[in-house]
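> sequence unavailable; structure follows:
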């Protein structure tokens, strides 16, 4: 039952992002901006309070794999141009939509796979990861929908690609659960993969927080969003 609920939550995040862009695009950018910031600080908290203590407890070289994940995310963003964490950098976005879409699909599959692979390790952390990833996918799907709408306005193929993207994280999660339940990977290898993906979370979250520069006019409200994300993630990890 928990797996089904997690899949529904992971599917609802990107679908909500697409719906917001299609129905409320003229008034939703501020909401999306705050969602980006909250999801970034939430993922940062999940990494620091939940994943990393667990990883360092089981793997002496966890730090090495976290750094590898961090560097891998930098490489992956060459193909996604920042859309993977809800930002549209027009000068960085690849000209080929297929390259962009492939990079985003890989990004979403890895996120879901990590949560699925660790489904039985620590309930609170997994729940936090699932919720955090779902929230993170709202602005990511919103940004992708903006791009698809601007380049392929009114075409059914754009909607089908968006729908496929929305299913990527739940598919990754399902694969991770199956791999764990069927013992297709050793516990040590599972922890290594989790460490690599924790590194990608660390890059995504710190990039989001630092890119949302705390200007004097907006500083307080943004700090509140950041602290809210960290606080919620802490209690999500504590529950487990």
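Nice, I can see it. These numbers come from a predicted model, not from an experiment.
> report the secondary structure state of residue 184.
Under DSSP: H, G, I helix; E, B strand; the rest coil, the three-state class of residue 184 is coil.
> that one: how many residues sit nearby?
Residues near residue 184, counting by other Cβ atoms under 10 Å, number 12. Where you see a C-beta, it was placed from the backbone N, CA and C, and this is true even at glycine.
> could you check the pLDDT of the nearest residue to it once chain neighbours are set aside?
Once flanking residues are discounted, residue 184 sits nearest to residue 178: 7.5 Å by Cβ to Cβ, 6 or more residues apart in numbering. We have a pLDDT of 89 for residue 178.
> one more: residue 175?
pLDDT at residue 175 comes out at 92.
> that one and residue 113 touch, don't they?
Yes: taking contacts as Cβ atoms under 8 Å, residue 175 lies within contact range of residue 113: 5.7 Å.
> return the helix or strand in this structure with minimum mean pLDDT.
helix 123-151 (a mean of 77; mean pLDDT, DSSP states H and E).
> can you report how many residues lie near residue 160?
10.
> with residue 21 instead?
24.
> run through the residues that contact the residue nearest to it when sequence neighbours are not counted.
Using Cβ to Cβ, 6+ apart and skipping the chain neighbours, the partner closest in space to residue 21 is residue 145 (4.0 Å). Residues counted as contacts of residue 145 (Cβ atoms under 8 Å, 6 or more residues apart in numbering) are 17-18, 21-22, 162.
> mind putting those into JSON lines with pLDDT?
Shown next, in JSON lines, are those (pLDDT from 0 to 100):
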{"residue": "17", "pLDDT": "88"}
{"residue": "18", "pLDDT": "87"}
{"residue": "21", "pLDDT": "80"}
{"residue": "22", "pLDDT": "78"}
{"residue": "162", "pLDDT": "91"}
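> ok, now how distant is the closest residue to residue 146 other than its chain neighbours from residue 142?
Spatial nearest neighbour of residue 146, excluding adjacent residues (Cβ to Cβ, 6+ apart): residue 21 at 5.7 Å. Applying Cβ to Cβ, to the nearest Å, the value for residue 21 to residue 142 is 5 Å.
> please report how far residue 199 lies from residue 12.
For residue 199, the distance to residue 12 - Cβ to Cβ - is 27 Å.
> where does pLDDT dip in this protein?
1, 25-30, 81-97, 118-127, 153-154, 211-219, 239-240 (pLDDT under 70).
> quick one: the helices in it?
2-24, 29-45, 52-58, 62-80, 97-117, 123-151, 156-181, 187-211, 219-239 (DSSP state H).
> hmm, back to that, neighbour count for residue 199 and residue 12, which is higher?
residue 199 (25 against 16).
> tell me which residues touch the nearest residue to residue 67 once chain neighbours are set aside, please.
Distances taken as Cβ to Cβ, 6+ apart place residue 199 nearest to residue 67, at 6.2 Å, with adjacent residues excluded. Residue 199 sits next to 65-73 when contact means Cβ under 8 Å, 6+ apart.
> of these, buried ones?
Neighbour-count burial (16 or more other Cβ atoms under 10 Å) is assigned, among these, to 65-66, 69-70, 72-73.
> nearest to residue 36, of those?
residue 73 (16.0 Å; Cβ to Cβ).
> tell me how far that closest one lies from residue 175.
Distance of residue 73 to residue 175, given as Cβ to Cβ: 20 Å.
> now swap in residue 189 and tell me
15 Å.
> neighbour-wise, which of those two wins?
The neighbour comparison of residue 189 against residue 175 (other Cβ under 10 Å) goes to residue 175, with 16 against 12.
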